[in-house]
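Asker: whatever this is, show me its structure:
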Amino acid sequence: MGLLAGLLNGLIALGGGVLITPLLVAGGVNPQVAVGTSLAAVTLLSTIGFCAHLFFDGLSLGFVPIATTVVGGVIGSLIGSKLLARITPRWMLMLFGAFQIFVAVRLIDHGLGLALLGTVNPVDPPLWAFIGFGMFAGTLSGIFGVGGGALVLLGLAAFYGVPVGEGLAIALALNVTNALVGLIHHARAGRVLWTQVTVLLPTAVIGVVIGAALAHALPVDIMRVVFGAFFLYFGVSIGRKGWALAR
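Answerer: Prediction:
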């Protein structure tokens, strides 16, 4: 579990909670405890992943974009937590899934060089884009409990042509802050299995380093296709879940 979660974290900035939480629940762990334990693991893994990408590529996009994205993510998390009690889950799931599918398809289209959805000319994203994507990802984090960092990277790659490897540091920084907010709440309530976290951590560190090395070694277009395909799958899964609730 640690090795695979670390690999996904280092390769595509997926915190690891999407893997750790269901496996812990399947193993008989209380769902709330599973979420708290997952958040602890995601916080640690994303911190290690952030440091690994700094080692491989440094702050390629600069410190200011990271800081503004994190601030936007915090604001978005507060908005999402307020919206949670006022929205209809099925429609939010369907909209979330549809957005994810559209952006993932656009990224795959770009990676394969088909240009069916128009060309994406690589440009430096404006500062408001980092704030906007951060707020959007933070809002979804507050509603669905996702890390959100990978969604920022998905948007930057699909609309501004930012190479996946260059945006991973921003995605992981946002994962750390969003997961930490939830972790504090669960830790105070005693819903974190710290022993299990320390058990999975050594292999997770190995996975993070391998994933980060692959992310910077693989060609840019291949990373776009891999990243887009992964989130296309998640978008379809989330959309189907929302559709089932609506029916």
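
Asker: only C-alpha atoms for contact and neighbour calcs from this point on.
Answerer: Fine.

Asker: the helices in the chain, which residues?
Answerer: Read by DSSP state H, the chain holds these helices, from start to end of the chain: 2-12, 17-26, 31-57, 63-83, 89-112, 127-144, 149-160, 164-188, 194-217, 220-246.

Asker: quick one: the third one to helix 164-188, angle?
Answerer: To tie it back to what came earlier, the one meant is helix 31-57. For helix 31-57 against helix 164-188, the angle between stretch directions is 150 degrees (axes from the mean of the first three to the mean of the last three CA atoms, to 10 degrees).

Asker: what is helix 31-57 packed up against?
Answerer: Other helices and strands packing on helix 31-57, by 3 or more CA pairs under 8 Å, 6 or more residues apart in numbering; DSSP states H and E, are helix 2-12, helix 17-26, helix 164-188, helix 194-217.

Asker: same check on the first one?
Answerer: Under the contact definition 3+ CA pairs under 8 Å, 6+ apart, helix 2-12 sits against helix 17-26, helix 31-57, helix 194-217.

Asker: give me the most central residue, this structure.
Answerer: For the chain, the residue whose C-alpha lies nearest the mean C-alpha position (CA atoms, centre = their mean) is residue 150; its distance is 3.1 Å.

Asker: any idea how far residue 189 is from that residue?
Answerer: As for residue 150, its distance to residue 189 is 28 Å (criterion: CA to CA, to the nearest Å).

Asker: and for residue 241?
Answerer: With CA to CA as the criterion, residue 241 and residue 189 are 30 Å apart.

Asker: compare those two (neighbour count), which wins?
Answerer: In this comparison of residue 241 against residue 189, neighbours counted by other CA atoms under 10 Å, the higher total goes to residue 241 at 15 against 11.

Asker: quick check: closest non-adjacent residue to the more buried one.
Answerer: The shortest distance from residue 241 to any residue other than its chain neighbours is 7.2 Å, reached at residue 93 (CA to CA, 6 or more residues apart in numbering).

Asker: same deal with residue 17?
Answerer: Per CA to CA, 6+ apart, closest to residue 17 is residue 38, 5.3 Å.

Asker: where does residue 179 land on pLDDT?
Answerer: With respect to pLDDT, residue 179 has a value of 81.

Asker: how near is it to residue 21?
Answerer: Residue 179 sits 13 Å away from residue 21 when distances are taken as CA to CA.

Asker: these two - which one has more neighbours?
Answerer: For residue 179 against residue 21, the residue with the higher neighbour count under other CA under 10 Å is residue 179, and the figures read 26 against 22.

Asker: about what we covered before: taking the helices and strands packed on helix 2-12 together, which one is wrapped up most tightly?
Answerer: Stretch with highest mean neighbour count among the helices and strands packed on helix 2-12: helix 31-57 (a mean of 23; mean count of other CA atoms under 10 Å).
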